[in-house]
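Visitor: Please find the sequence and the predicted model below.
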Amino acid sequence: MQALSLANRSPEESIRKIMDLTLGIIFMGTPHCGADAAKFAIFMASVTSIFRPTDSTLLGVLERDSEVLAIITSDFHEMLRLRREENHKSEPKMTCFFEELPMHKGPISHKVKILNRAL
């Protein structure tokens with residue numbers, strides 16, 4: 001989402017055309033509103049950092065209700081709105097794929113939650 005938003009605001013026309021030439025967008029397991037699993041990942045990164053340097057900064061962005069994710073999503077929606085109003089162009093088709101089946105990884109077992117909020 002952010003790459004398309006940045007391309008749309010680029011001063012270079014050839015880069016701005018990326019959005020015009022985009023016919024569809026596929027989101028594969030994208031945590032648009034963050035994920036509860038991010039807290040566990042941050043914990044595991046801190047444990048791992050005992051043995052080797054680990055940067056968990058990006059994982060913090062993936063926490064549920066992250067302000068950074070909200071800004072990225074808002075920018076994306078604004079770009080689509082402006083595209084419709086200024087250029088009278090339709091939005092690219094969008095599809096989201098996500099897991100519904102339980103995941104079993106050793107002693108850790110959980111079910112990936114379905115995103116129930118609209119994008």
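Guide: Right, received. Where do you want to start? Residues are numbered from 1 along each chain as shown.
Visitor: what residue ranges in the chain are flagged as low confidence?
Guide: Applying pLDDT under 70 to the chain flags residues 87-88, 99-119.
Visitor: And the helices in this structure?
Guide: 2-8, 13-20, 37-48, 57-61, 67-87 (DSSP state H).
Visitor: quick one, the longest one and helix 13-20 angle?
Guide: Same thing as helix 67-87. Counting by axes from the mean of the first three to the mean of the last three Cα atoms, to 10 degrees, helix 67-87 lies at 90 degrees to helix 13-20.
Visitor: repeat for the third one
Guide: Between the direction of helix 37-48 and that of helix 13-20, the angle (the same axes, to 10 degrees) works out to 130 degrees.
Visitor: who touches helix 37-48?
Guide: For helix 37-48, the external contacting residues (Cβ atoms under 8 Å, 6 or more residues apart in numbering) are 31, 54-56, 59-60, 62-64, 110. For glycine as for every other residue, the C-beta is placed from the backbone atoms N, C-alpha and C.
Visitor: swap in the last one?
Guide: Around helix 67-87, the neighbours that count as contacts under Cβ under 8 Å, 6+ apart are 1-2, 4-5, 8, 19-20, 31-34, 61-62, 89-91, 119.
Visitor: how close does the residue in the chain sticking out farthest from the centre get to residue 26?
Guide: Each residue of the chain has a distance to the centre, and by Cα atoms, centre = their mean the biggest one is for residue 51: 29.4 Å. Distance, residue 51 to residue 26, using Cβ to Cβ, to the nearest Å: 36 Å.
Visitor: Over to residue 45?
Guide: 28 Å.
Visitor: From the neighbour counts alone, determine which of the two ranks first.
Guide: residue 45 (16 against 10; other Cβ atoms under 10 Å).
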